[in-house]
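J.: can't give you the sequence, but here's the structure:
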Ligand SMILES: O=C[C@H](O)COP(=O)(O)O
């Protein structure tokens, strides 16, 4: 494993995330394409399902720490709006929520140490990047843009590159790209590698999240291989879904992707972030994902620099559960995220 040196801080250089100090992570520089490594990847789906079931079965913890998990989840949300009817007004309202994700009375009642708790990022289409950047000025909340012909990724290649460059020029600090699913379905791993590498180069200093659209990739092994190729090509995050496939984030797919991240880390020393997205809408779901992250990747990954939820509705349910917590009605029991 090569030693990880801090050569480039994340967009959160000055922020103090809730709970722990943030990771001073390096950009993933990628590694040369290695066909043999990709071909050797095999996934035993029944073993994956057994592990997911065992993780679901172990969830009891101290009541005092229930709120801590939910606050941690908030700090890791990419608060998202990706609708054809998005307007500047809607995006400004979303940004206001991103800056103050829970009501002041709840912050007070919960005794939240970091009164300035925010979400991890705001995620919008390119067209809304400038509006979001303006609305978030003076904060450390980055704007993430879905680019490269989101969600299908089938526009001409040069336009996909240009879209990345325009989003970065408009102020996006994170670019969520979509891969060409065809490269995965036909096993053309070299083409996938070249594509993600070109996207990463077009991102410049902006971080790149590679959306694999796992619901369209056909098999668990292909998900694992695509994860590895995207990381080899320099992805800073791998992300499950656009939210628009028939099947979006699932726990078995998440386990497979997290294990690919662990494998890549063990081989290269680069810590790659993970972003499940699409259909994650309850506090209970969120905590299940956080527990999986903690158990599979460790507490370093329980940080917005290395973990995000792509979600449009999750925050609403978390806020509701925190309110129940304050009034004594929240009963789901969980362990402390850092304990
Ligand atoms: O990347 C984010 C997803 O599009 C959000 O999906 P969602 O609306 O199901 O939460």
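T.: Arrived safely, thanks for sending. From a predicted model like this one, the values you see are computed outputs, not experimental measurements.

J.: Give me the phi and psi angles of the residue in the stretch 51-200 of the chain positioned nearest to the ligand.
T.: Nearest residue of the stretch 51-200 of the chain to the ligand (Cβ to the nearest ligand atom) works out as residue 80 at 4.3 Å. The C-beta positions use only the backbone N, C-alpha and C, and glycine is treated the same way. Note on residue 80: its backbone torsions stand at phi -120, psi 140 [degrees, to the nearest 10].

J.: Okay, and the beta partners of the nearest residue to it once chain neighbours are set aside?
T.: Nearest non-adjacent residue to residue 80, counting by Cβ to Cβ, 6 or more residues apart in numbering: residue 123, 4.2 Å away. Under DSSP bridges, the beta-bridge partners of residue 123 are residue 80, residue 144.

J.: tell me the contacts of residue 123?
T.: Residue 123 makes contact with 78-82, 143-146, 174, 176, 310, according to Cβ atoms under 8 Å, 6 or more residues apart in numbering.

J.: mind listing what the residue of the stretch 51-200 of the chain closest to the ligand touches?
T.: With contacts taken as Cβ under 8 Å, 6+ apart, residue 80 has the following neighbours: 122-124, 243, 277, 310-312.

J.: show me where pLDDT drops low in this protein?
T.: Scanning the chain for pLDDT under 70 picks out the ranges 1-25, 58-64, 329-339.

J.: need the contacts of residue 123 in CSV with distance to residue 38, can you?
T.: Putting those into CSV (distance: Cβ to Cβ, whole Å) gives the following:
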residue, distance to residue 38
78, 28
79, 34
80, 30
81, 35
82, 30
143, 33
144, 27
145, 29
146, 26
174, 26
176, 23
310, 25
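
J.: Show me the strands in the stretch 101-250 of the chain, by range?
T.: Secondary structure of the stretch 101-250 of the chain (DSSP state E, counting those that start in this stretch): strands at 121-125, 143-146, 174-178, 207-211, 237-239.

J.: Any chance of TSV for those strands, columns distance to residue 36?
T.: Formatted as TSV, the strands of the stretch 101-250 of the chain follow (distance: least, Cβ to Cβ, whole Å):
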stretch	distance to residue 36
strand 121-125	36
strand 143-146	33
strand 174-178	26
strand 207-211	21
strand 237-239	21
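
J.: can you redo the ones you listed as CSV with distance to the ligand?
T.: Putting the strands of the stretch 101-250 of the chain into CSV (distance: least, Cβ to the nearest ligand atom, whole Å) gives the following:
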stretch, distance to the ligand
strand 121-125, 6
strand 143-146, 7
strand 174-178, 7
strand 207-211, 8
strand 237-239, 7
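
J.: out of the ones you listed, nearest to residue 43?
T.: Taking Cβ to Cβ, strand 237-239 is the member of the strands of the stretch 101-250 of the chain nearest to residue 43, at 15.2 Å.

J.: and the residue of the stretch 101-250 of the chain found nearest the ligand, how many neighbours?
T.: Distances between the stretch 101-250 of the chain and the ligand by Cβ to the nearest ligand atom are smallest at residue 243, namely 2.3 Å. For residue 243, the tally of surrounding residues (other Cβ atoms under 10 Å) stands at 23.

J.: got it, and residue 238?
T.: Counted with other Cβ under 10 Å, the burial measure for residue 238 works out to 28 neighbours.

J.: One more: the one 4 residues further on?
T.: As a burial measure, residue 242 scores 23 neighbours (other Cβ under 10 Å).
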